[in-house]
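>>> Sequence plus predicted model, see below.
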Amino acid sequence: MSVSTYSPPVSNLLTCGKSRAIWDSINYLQEFGFKEEHTPELIRIATDKELYSSNPETLERWAPVHAWRALAQLCATEAIEPLIDFFNEGETDDDWINGDLLGVFSLIGASAIPALKEYLGNRSNDFVRRINVAGCLVGIAEKHPELKYKCVDILTEQLELFQTQVPRFNGTLVRYLIELGAVNSVSVIEKAFAASKVDVNYAGADWFETQVYLRFKE
């Protein structure tokens, strides 16, 4: 077991155990004294597959989860690629990975956008993970309003490929654009609906309802 390869204060995460609290309510920097100098070891424990695949009843199993959150609070840009690789290798229905993915990259903010954009546009990546990454862009836009239009542009550019994408994926992109109030994306959204390439169940709205949500119709 790799638990013996970590040193304080990072090793203190091995005894934190499971927590279902709203994770950004825990100030890891204050409680554990994490600083920029701890980033490399935090990345190592955050991507420790042996720990994360161990018995969920053990305390050390949850150390990677706490490390993701600590790295997010440090806004550790060095962690972006390793975490994306780690999440990419996990199970697509892993609630911890999928839930924390949004929080981690939302806190890191602008520096995470290029890697998320690249992942979103890579058709070789799993469909569910691409949806989760699109959700991360929404999270960044909501937490950092100054980045909203950049995130909207990325989602809109992806939707422009609607003819070659499955309706479920297009529907998810439409839903996210609605959530962000992307009025400037309406022409692309309309074309996707007109081509019958939007899954209404994933979009949460048909074309008429979309116009209402974006305040083009009453």
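That came through fine.
>>> longest helix of the chain?
In the chain, with assignment by DSSP state H, the single longest helix is helix 127-143.
>>> Okay, buried residues for stretch 160-174 please.
Of the residues in stretch 160-174, those with enough neighbours to count as buried (16 or more other Cβ atoms under 10 Å) are 161-162, 165, 167-174. Just so you know, the C-beta spots here come from the backbone N, C-alpha and C atoms, and that holds for glycine as well.
>>> gap between the lowest-mean-pLDDT helix or strand in the chain and the chain center?
For the chain, scoring each helix and strand by mean pLDDT, DSSP states H and E identifies helix 95-108 as the least confident one, at a mean of 84. Helix 95-108 has its C-alpha centroid displaced from the chain centroid by 5 Å (Cα atoms, centre = their mean, to the nearest Å).
>>> Let me know the next secondary structure element after that helix.
helix 113-121 (DSSP states H and E).
>>> For that next one, give the mean pLDDT please.
Average pLDDT, helix 113-121: 96.
>>> Residues contacting that helix, please?
Under the contact criterion Cβ atoms under 8 Å, 6 or more residues apart in numbering, helix 113-121 has outside partners 80-81, 84, 88, 105, 125, 129-130, 133-134, 136-137, 140, 147, 150-151, 154, 158.
>>> mind running it again at 7 Å?
Residues external to helix 113-121 that are found in contact with it (Cβ atoms under 7 Å, 6 or more residues apart in numbering): 80-81, 84, 105, 125, 130, 133-134, 136-137, 140, 150, 154, 158.
>>> closest to Ser111 among those?
The shortest approach to Ser111 among those belongs to Ile80, at 6.6 Å (Cβ to Cβ).
>>> Give me the angle between whichever strand or helix holds that closest one and helix 113-121.
Assignment of secondary structure by DSSP H and E places Ile80 within helix 80-89. Calculated by axes from the mean of the first three to the mean of the last three Cα atoms, to 10 degrees, helix 80-89 forms an angle of 30 degrees with helix 113-121.
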